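*Asks:* Sequence first, then the predicted structure:
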Amino acid sequence: MTYNSTFKDRAAQAAEAKQKALERYRARPPVDPKVAAERASAAQEREAAKAQRAAERKAERQAAAEAKAAGDAAKAAAAAPKTEAELKAARDARYAARKARK
């Protein structure tokens, strides 16, 4: 292609290139039905495996979230103010331990 080509020249070259590409496409051998079926089944297997992996990841994330929620609940229960009976029992245990050491 030269720099001094006209619009008609460029349009003709484009049409020629398009025609050659179309001829190459039409000259291709047809796809074997067995090969097409194998490709389709392989694609379905890949999609099924992908969906299974996604479900597994989702279940793992959900289990992790539940474990975190349980841990948070345990921390909240431990941080809750203790009753007077619990405080008295802890104080009595410390007193008994001190007496046992003597």
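*Replies:* Now that the structure is in, tell me what you want to look at.
*Asks:* When you work out contacts or count neighbours from here on, use the C-alpha atoms and nothing else.
*Replies:* Will do.
*Asks:* So which residue is smack in the middle of the protein?
*Replies:* Centroid-nearest residue in the chain, with CA atoms, centre = their mean: A54, separated by 5.8 Å.
*Asks:* any idea which element that one lies in?
*Replies:* Assessed by DSSP states H and E, A54 sits inside helix 33-79.
*Asks:* Next secondary structure after that helix?
*Replies:* helix 84-101.
*Asks:* Enumerate the positions of that next one that are buried.
*Replies:* Within helix 84-101, no residue is scored as buried using 16 or more other CA atoms under 10 Å.
*Asks:* Return the alpha-carbon coordinates of that helix using PDB.
*Replies:* Provided in PDB are the C-alpha atoms of helix 84-101 (Å, rounded to 0.1, in the frame of the first residue of the first chain):
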ATOM      1  CA  GLU A  84     -22.000 -12.100  92.900                       C
ATOM      2  CA  ALA A  85     -22.100 -15.800  93.500                       C
ATOM      3  CA  GLU A  86     -19.400 -16.500  90.900                       C
ATOM      4  CA  LEU A  87     -17.300 -13.700  92.400                       C
ATOM      5  CA  LYS A  88     -17.700 -15.100  95.900                       C
ATOM      6  CA  ALA A  89     -16.800 -18.600  94.700                       C
ATOM      7  CA  ALA A  90     -13.600 -17.300  93.100                       C
ATOM      8  CA  ARG A  91     -12.700 -15.400  96.200                       C
ATOM      9  CA  ASP A  92     -13.300 -18.500  98.400                       C
ATOM     10  CA  ALA A  93     -11.200 -20.600  96.000                       C
ATOM     11  CA  ARG A  94      -8.300 -18.100  96.300                       C
ATOM     12  CA  TYR A  95      -8.700 -18.100 100.100                       C
ATOM     13  CA  ALA A  96      -8.700 -21.900 100.300                       C
ATOM     14  CA  ALA A  97      -5.600 -22.100  98.100                       C
ATOM     15  CA  ARG A  98      -3.800 -19.600 100.300                       C
ATOM     16  CA  LYS A  99      -4.700 -21.600 103.400                       C
ATOM     17  CA  ALA A 100      -3.500 -24.800 101.700                       C
ATOM     18  CA  ARG A 101      -0.100 -23.300 101.000                       C
END
